[in-house]
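Asker: need a 3D model of the sequence below.
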Amino acid sequence: MAMTGAQEQAFNAASGGVEINVMSLVCIGGLLAVLFVWAAWAWIDVYEGWRNEKVRTKALIHFVLKTVLLLVVSIWMFAS
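Answerer: As a prediction, this is how the structure comes out:
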């Protein structure tokens with residue numbers, strides 16, 4: 001749904017003149033960056049647990065599948 005002229009003017013005044021498209025790109029990029037950093041951190045943590053035999057292989061596989069699904073769905077919903 002497109003914004004009306006009054007809404008665009010209010011957005012530009014509140015954002016300090018930043019374009020709507022630029023703000024959207026920054027927010028989506030920030031979200032995806034946080035998700036990928038979290039996934040990398042969690043992967044390292046789970047892998048070290050698996051390597052030290054504190055995490056079962058089945059739990060490692062479930063984690064990887066859930067993380068990949070989260071990233072794919074997030075990219076599909078927000079970056080497409």
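Asker: what residues sit buried inside the lengthiest helix in the chain?
Answerer: As assigned by DSSP state H, the longest helix anywhere in the chain is helix 20-51. By neighbour count on 16 or more other Cβ atoms under 10 Å, the buried set for helix 20-51 is 35, 39, 46, 50. The C-beta positions use only the backbone N, C-alpha and C, and glycine is treated the same way.
Asker: what's it packed up against?
Answerer: Where contact means 3 or more Cβ pairs under 8 Å, 6 or more residues apart in numbering; DSSP states H and E, helix 20-51 is packed against helix 5-15, helix 57-78.
Asker: nearest to G29, of these?
Answerer: In terms of Cβ to Cβ, the element of these nearest to G29 is helix 57-78, at 9.7 Å.
Asker: next, the angle helix 20-51 makes with that closest one.
Answerer: Interaxial angle of helix 57-78 relative to helix 20-51 (axes from the mean of the first three to the mean of the last three Cα atoms, to 10 degrees): 180 degrees.
Asker: which residues does helix 57-78 contact?
Answerer: 28, 31-32, 35-36, 39, 42-43, 46-47, 50 (Cβ atoms under 8 Å, 6 or more residues apart in numbering).
Asker: ok, now with 6 Å
Answerer: 28, 35, 39, 46, 50 (Cβ atoms under 6 Å, 6 or more residues apart in numbering).
Asker: list the buried ones in that helix?
Answerer: 60, 63, 67.
Asker: what's the average pLDDT for that helix?
Answerer: In this model, helix 57-78 has a mean pLDDT of 96.
Asker: with stretch 15-30 instead?
Answerer: What stretch 15-30 shows for mean pLDDT is 92.
Asker: export it as PDB, just CAs?
Answerer: Only the C-alpha atoms of stretch 15-30 are listed here, as PDB (Å, rounded to 0.1, in the frame of the first residue of the first chain):
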ATOM      1  CA  SER A  15      13.700  10.800   9.600                       C
ATOM      2  CA  GLY A  16      15.700  13.900   8.900                       C
ATOM      3  CA  GLY A  17      15.300  13.700   5.100                       C
ATOM      4  CA  VAL A  18      16.200  10.100   4.600                       C
ATOM      5  CA  GLU A  19      14.400   8.500   1.700                       C
ATOM      6  CA  ILE A  20      11.900   5.700   2.500                       C
ATOM      7  CA  ASN A  21      13.600   3.200   0.300                       C
ATOM      8  CA  VAL A  22      17.000   3.800   1.900                       C
ATOM      9  CA  MET A  23      15.500   3.400   5.400                       C
ATOM     10  CA  SER A  24      13.800   0.200   4.400                       C
ATOM     11  CA  LEU A  25      17.000  -1.100   2.900                       C
ATOM     12  CA  VAL A  26      19.000  -0.200   6.100                       C
ATOM     13  CA  CYS A  27      16.400  -1.900   8.400                       C
ATOM     14  CA  ILE A  28      16.200  -5.100   6.300                       C
ATOM     15  CA  GLY A  29      20.000  -5.200   6.000                       C
ATOM     16  CA  GLY A  30      20.300  -4.800   9.700                       C
END
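Asker: alright, calling it a day.
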